[in-house]
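Novice: take this sequence and fold it.
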Amino acid sequence: MITAATILGHDANSLTAAFQDNLLTHWNEIRNGHRFPLRRAFRPQTASRHLPRVAMVSIDADKAFHTRVVGSDIVERLHLDTSTDPLIEANDPHTRDLLIQLLGTARDAAMPVYLEGVFSPAAFHSIAFTALVLPFSMNDSGESLDVLMLAFDFSRPHTVDFSTYERRADDTSFGAAI
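Specialist: Sure thing, here's the model as predicted:
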């Protein structure tokens, strides 16, 4: 279920996850006056530590979606089968329907979209998320919407995420007892 969807426009900031905010900033930097930035202008190193939470989906002439790449964290969290089109043909019908709804919302907005919601797969526990969806063009004109980038942040209640922890050289408190 999507609980909130916000069309961000081109000047939004202050998203929940810093890496999503960084991706949106990079997206705006590479637009170069086009409606959509060119896909080839995207630099993955802008979020290299977070690529496991990123997926790319192409949109064909019939407005159908086709998964190009899915990060390992997305595959693991949503229990996706990578032997098929993992996002569009997800095994769980609730997950599949929500992914298609999320992609459709972003395609129709044709602008950056920030979504919040909960995946409720039938066989697994609910998974809270936020998703930043960024539109890209494969066409040199930068006017056609051909690719959507999804950047997921999966909430983990009652856990600590150390992926953003940076240890100072003089910090002996973390792991000192090991």
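
Novice: how far does the longest strand anywhere in the chain sit from the chain's center?
Specialist: The longest strand of the chain (DSSP state E) is strand 127-136. Here the centre of strand 127-136 is set off from its chain's centre by 4 Å, with Cα atoms, centre = their mean, to the nearest Å.

Novice: what stretches of this structure score poorly on pLDDT?
Specialist: For the chain, the stretches with pLDDT under 70 are 9-14, 155-178.

Novice: which ones are touching T67?
Specialist: For T67, the contacting residues are 55-57, 85-88, by Cβ atoms under 8 Å, 6 or more residues apart in numbering. Every residue, glycine included, has its C-beta placed from N, CA and C.

Novice: show the buried residues in the residues you listed.
Specialist: Among these, those scoring as buried are 55-57, 85-87 (criterion: 16 or more other Cβ atoms under 10 Å).

Novice: closest to H94 among those residues?
Specialist: In terms of Cβ to Cβ, no member of those lies closer to H94 than L87, at 13.7 Å.

Novice: skipping adjacent residues, who's closest to the closest one in space?
Specialist: Once flanking residues are discounted, L87 sits nearest to T67: 4.5 Å by Cβ to Cβ, 6 or more residues apart in numbering.

Novice: quick one: the one you found and R53, what's the gap?
Specialist: Using Cβ to Cβ, to the nearest Å, T67 is found at 15 Å from R53.

Novice: before we move on, back to that, please save the CA atoms from the longest strand of the chain in PDB.
Specialist: Written as PDB, here are the backbone C-alpha positions of strand 127-136 (Å, rounded to 0.1, in the frame of the first residue of the first chain):
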ATOM      1  CA  ILE A 127       8.100  -4.100   4.800                       C
ATOM      2  CA  ALA A 128       7.900  -0.300   5.300                       C
ATOM      3  CA  PHE A 129       9.700   1.700   2.600                       C
ATOM      4  CA  THR A 130      10.300   5.100   1.000                       C
ATOM      5  CA  ALA A 131      11.200   5.200  -2.700                       C
ATOM      6  CA  LEU A 132      12.500   8.000  -4.800                       C
ATOM      7  CA  VAL A 133      11.700   7.500  -8.400                       C
ATOM      8  CA  LEU A 134      13.700   9.500 -11.000                       C
ATOM      9  CA  PRO A 135      12.800   9.700 -14.700                       C
ATOM     10  CA  PHE A 136      15.500   9.500 -17.400                       C
END
